[in-house]
Structure formats: C-alpha cells, structure tokens
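>>> sequence and predicted model, in that order:
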Amino acid sequence: LIHFLTDMQFKDFEKLVHGRRSVRSYLNDKPDLKVVESLVELASLSPNSCNLQMYQWVYVDSPEKMNKLASIATRKVNWAPACMIVAFDPSYCVERSAGLQSVSAMIQTFILSARTRGLATCWMAGFKGDDKIKKHFGIPVNYRINALISVGYPENAIIPGIRHIPETCSYFHHNSIVNK
C-alpha cells in the first residue's frame, strides 16, 4: 500500500530541500557511526538501476585517515571530523552511466537525511588522486569515485541563503527543447 504525502508532509520536505546548504565549518564532534550507517541504509532505498546496488561507501573518521585523505585528495576533507568516500562500479549500463546515476540519487538521499539528524554535509567533486584513494582505502580498482562528502555537526546555524532562480525556468521544457 503506497501512501502519498499529505500537504503538510510535502511542506516539511520542501522546507528540508530549501534549507539544505553545503557546510564548510564543523564542530569537532564526530557523528555517531550507527547514525551514519542508518543514513547509508536509508540512501540505499534510493532509485537504483536494475537494483544492482553497485556502490561502496567508506566512512572515514580517524584523524590519521582523514589527514591521509586530505593529503591525497583535497585539504577540504579536513573541514569536518568525518568524510564519506562514495564509489561505484561503472561496468553496468555504460552508455547511460547507470552507476553514476544510481549513486548520485543515493548521495542526495544521504545528504537530505543527514539534515534530519542534525548533521551537515558538503558534496565534493573537486578532488584528485583517485587511484591513491582506492589503494589506501581498499576500494576496488575498477570502481570510480563519485564524490567525497564531508559529514559533521555544523559549527553555526545553517541559514538558507538566497538561490538564483530565473524568472522563467530556462532548464525545464515541455515536449521538446525549442531553440529560439
């Protein structure tokens, strides 16, 4: 039996989405491992190509490992007391990037769910050293690293900023994209 969201539940979800921000300043307190694990479990319910579950999530929270990751990938890793490495197997449905699509849906669910637990995140795609990250953190060689996600409790209150929303939605089209 599928239950649809009531208007009130939709408003709560809308508020959650509008209130999410990438955070770059965290308290030193590490998120509880069980909480993070539950967020990944929830994220695994996200839409997933053919339900292949072709991903690996590595939760890094030891200071030594965090420093190693920062030295390999990007110093931004040290913004937070913990970081998630998200990787996927790209060998399925290559033409449509099914692995990338699936893991990206999971990341969104993880990030939004983290907010409901008082955690903040920052989805990072600008990093280097994929092969070294794989080797150091035991990620299969054939996997691609999709993202690093800082995870922690925000140092300051998260205040939704103003987002640029065009007066006319230039990225949504009905039936076709019309070139003018």
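Sure, I can see it.

>>> report the longest strand in this structure, please.
As assigned by DSSP state E, the longest strand anywhere in the chain is strand 144-152.

>>> report the contact partners of Y26.
Residues in contact with Y26, defined by CB atoms under 8 Å, 6 or more residues apart in numbering, are 79-81, 120, 150, 152-155. C-beta: built from backbone N, CA, C; applies to glycine.

>>> out of these, which end up buried?
79-81, 120, 150, 152-154 (16 or more other CB atoms under 10 Å).

>>> what's the local residue count around A43?
A43 has 23 neighbours, counted by other CB atoms under 10 Å.

>>> need the pLDDT of it.
For A43, the pLDDT comes out at 91.

>>> and the buried ones among the contacts of Y26, which is closest to K15?
K15 has its nearest neighbour among the buried ones among the contacts of Y26 in A120, at 16.0 Å by CB to CB.

>>> the closest one against P154, yeah?
Yes: with contact defined as CB atoms under 8 Å, A120 counts as touching P154 (4.0 Å).

>>> check the contact lists of those two and give me the overlap.
23, 26.

>>> what comes into contact with the longest helix along the chain?
Using DSSP state H to define each element, the chain has its longest helix at helix 98-116. The contact list for helix 98-116 (CB under 8 Å, 6+ apart) reads 16-17, 19-20, 39-40, 42-50, 52, 54-55, 84, 86-93, 120-121, 123, 144, 146-147, 149, 151, 158.

>>> of the residues you listed, buried ones?
Among those, those scoring as buried are 20, 39-40, 42-43, 48-49, 54-55, 84, 86-90, 93, 120-121, 123, 144, 146-147, 149, 151 (criterion: 16+ other CB under 10 Å).

>>> L27 contacts G152, doesn't it?
Yes: with contact defined as CB under 8 Å, L27 counts as touching G152 (6.4 Å).

>>> in the protein, which helix or strand is least confident?
For the chain, counting by mean pLDDT, DSSP states H and E, helix 7-19 ranks last in confidence among helices and strands (a mean of 81).

>>> tell me what it is packed against?
Judged by 3 or more CB pairs under 8 Å, 6 or more residues apart in numbering; DSSP states H and E, helix 7-19 is in contact with helix 98-116.
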